[in-house]
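In: Mind folding the following:
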Amino acid sequence: MLAYIVRRLLWTPVLLALAAFFVFVMGTFAPGDPAELRLGNRATPESIERERERLGLNDPIPVRYVRYVANVLQGDFGDSYHYQGRPVLEIITPRLWVSVQLNIAALIVAILIGLPLGFYAAKKQGTASDPAIVISMLVLYAMPVFFTAPFLILFFAVKLHWVPAAGWGGFFSPQIVLPALTIGIPGAAIFVRHMRASTLEVVGQEYVRTAHAKGMSNFVVNYRHIARNALLPILTIMGFTLAGMFGGSLIVELIYGIPGAGRLSLDAIFQRDFPVLTAFVLLGSGMLVFANLAIDIAYTIVDPRIRLQ
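Out: Have a look, this model is predicted:
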């Protein structure tokens, strides 16, 4: 088990280095002169040249890359072009934390809805419940968030008055319910489909029939032998599902008025604030790398065979 975890840990710096390289290339070859963007349209060519020299933009690209990596390792992502004089990390940290909380809540919703429904649909194969669950979740998955969100607001906030329609109050606030449902429902549909297929594959295995032949209760067989082994493929797609949720939360944050990373990154695109944009990409990539590392470690808990590798 320790050797398995060490091998996964050794890949983490390599993935982060690749992410840093692509982010640097994106920021370096993006349209527009950073010095001109910082000084504004009324800047003279002389002042622009002085600013380029001060920022080190006239240095060779390898030198700039090494300096960029060194600064990032120290937590320095540079200063924002739009918010003059403010460090990028100071601007994006509270926004990124909001998006992380929202996507964690959405993943919890997707897991709590998708895994039990997928397992139940597999156990009810051949009955009307199986296609009803699968078709319903496919319909919900096909609905775009700009349709799902107004429907949830109209039903739960306007009609029933159960939760607020918009705003943000933190992870444990009622404002998180609707955006978490909006993001989590498509993820739940993915989990239903994969959990159902994985469960059907496990149900037909020899050790499941042997467990029934030994007289084990249905609860023990379902939990210990079927559900636990069916979860292994689900862990594989969980990291990709989280990445898809994180990318799709932009529209949701705009609809519900959530001050997260999506709104700030959209503003950075229109304002051509490349330090903020590249910092978002790099930090988001880093979080996804560590999330997948955590999922790889979870393999050792779900599947004991991996502990021997």
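In: hey, let's count contacts and neighbours off CA atoms from now on
Out: Will do.
In: check which helix or strand covers residue 57.
Out: For residue 57, there is no helix or strand it lies in under DSSP states H and E.
In: Now it: closest residue in space that isn't a chain neighbour?
Out: residue 64 (7.5 Å; Cα to Cα, 6 or more residues apart in numbering).
In: For whichever strand or helix holds the one you found, name the packing helices and strands.
Out: Per DSSP H and E, residue 64 falls inside helix 61-73. Packing partners of helix 61-73 (3 or more Cα pairs under 8 Å, 6 or more residues apart in numbering; DSSP states H and E): helix 2-28.
In: ok, which stretches of the chain are helices?
Out: Under the criterion DSSP state H, the chain contains helices at 2-28, 34-39, 45-55, 61-73, 88-123, 129-142, 145-152, 177-203, 206-213, 218-220, 228-256, 261-271, 274-302.
In: Give me the contact list for the least confident helix or strand in the chain by mean pLDDT.
Out: Using mean pLDDT, DSSP states H and E, helix 34-39 stands out as the lowest-scoring helix or strand of the chain, at a mean of 71. Outside helix 34-39, the residues that touch it by Cα atoms under 8 Å, 6 or more residues apart in numbering are 43, 48-49, 51-52, 55, 81-82, 84, 272.
In: Now rank those by neighbours and give me the top one.
Out: For the contacts of helix 34-39, the largest number of neighbours (other Cα atoms under 10 Å) sits with residue 81, at 24 neighbours.
In: What number of residues are in the vicinity of residue 159?
Out: 10.
In: I'd like the distance from the closest residue to residue 203 other than its chain neighbours to residue 211, if you could.
Out: With Cα to Cα, 6+ apart as the criterion, residue 203 has its nearest non-adjacent residue at 6.4 Å, and that residue is residue 226. Here the criterion is Cα to Cα, to the nearest Å. By it, residue 226 lies 10 Å from residue 211.
In: higher neighbour count, those two?
Out: Each of residue 226 and residue 211 has its neighbours counted (other Cα under 10 Å); residue 226 has more, 23 against 16.
In: May I have the residues that are in contact with the nearest residue to residue 274 once chain neighbours are set aside?
Out: Nearest residue to residue 274 in three dimensions, chain neighbours excluded: residue 27, at 6.1 Å (Cα to Cα, 6+ apart). The contact partners of residue 27, by Cα under 8 Å, 6+ apart, come to 274-275, 278.
In: Please tell me how far residue 27 sits from residue 57.
Out: Distance from residue 27 to residue 57, by Cα to Cα: 12 Å.
In: quick revisit: list the contacts for the residue nearest to residue 203?
Out: 199, 202-203, 208.
In: repeat for residue 251
Out: 145-146, 262 are the contacts of residue 251 under Cα under 8 Å, 6+ apart.
In: Which of these are buried, as a PyMOL select command?
Out: Buried subset of the contacts of residue 251, written as a PyMOL selection, criterion 16 or more other Cα atoms under 10 Å:
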select buried, resi 145+262
